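Visitor: I'd like to go over a predicted model; first the sequence, then the structure.
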Amino acid sequence: VIHRLRAQLVSEDQEHRRRGAVLEQLTRAFEGDGLEMVYQPIFDLESRRVVGVEALARFSLEPRRPPNEWFAAAVDLGMSIRLEIEAAKRALARRAQLPPGVFMAVNLSPEALMSSELVAAIPEGFAHQLVIELTEHTPVVDYDALNLSFASLRAAGAGLAIDDAGAGFASLRHILELAPQFIKLDLSLT
């Protein structure tokens, strides 16, 4: 029993240290060190011209991990909305570099889309160039509440995209309930 308790305490201590290290790294990212945005062009296939860009978060934090793992770590620490909004703010900070008529797509979970912090993060007059890509990682608990939260942005001209439709929680119901302007099919479907 003593050996099992000792092993459990060691395991709990290691987990506490791991979480502390992740928290420290994410705090650095919030303070401006280790989180950058890159922009993937979105082309119109007929005209072959760029019509939009998708803002994607990239992390230079240690240990090196793909972005989805950093976002999952933020979920684990209860910081997911904060990280998503911070990434959106950083993406939107470079909006002046967009060519005329080009939109910017920003990935957000349903929870972040419903956050009051999101509206405050969107510069005045930019909503008509903004597309929110609803991610597939978490379920939509209340479609009516999500539509209500997005209504003011939609009225200001913001678009909605369902990201990776056919994967995770991005189901046909998303499309029916949310009436997106864009449907991005998951790679497994194509």
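Guide: All right, it came through fine.

Visitor: Report the mean per-residue pLDDT for the host helix or strand of residue 53.
Guide: Assigned by DSSP states H and E, residue 53 falls within strand 50-59. Averaging pLDDT along strand 50-59 yields 95.

Visitor: let's number from 124 now, not from 1
Guide: With the count now opening at 124, the last piece we talked about shows up as strand 173-182.

Visitor: Show me what that strand is packed against.
Guide: With contacts defined as 3 or more Cβ pairs under 8 Å, 6 or more residues apart in numbering; DSSP states H and E, strand 173-182 has these neighbours: strand 158-166, helix 190-199, helix 203-215, strand 226-231. C-beta: built from backbone N, CA, C; applies to glycine.

Visitor: What is the neighbour count of the residue nearest to residue 253 when sequence neighbours are not counted?
Guide: Of all residues not flanking residue 253 in the chain, residue 281 sits nearest, at 4.6 Å (Cβ to Cβ, 6 or more residues apart in numbering). By other Cβ atoms under 10 Å, 20 other residues sit near residue 281.

Visitor: so which of the helices and strands packed on strand 173-182 gets nearest residue 244?
Guide: Among the helices and strands packed on strand 173-182, the nearest to residue 244 by Cβ to Cβ is helix 203-215 (4.9 Å).
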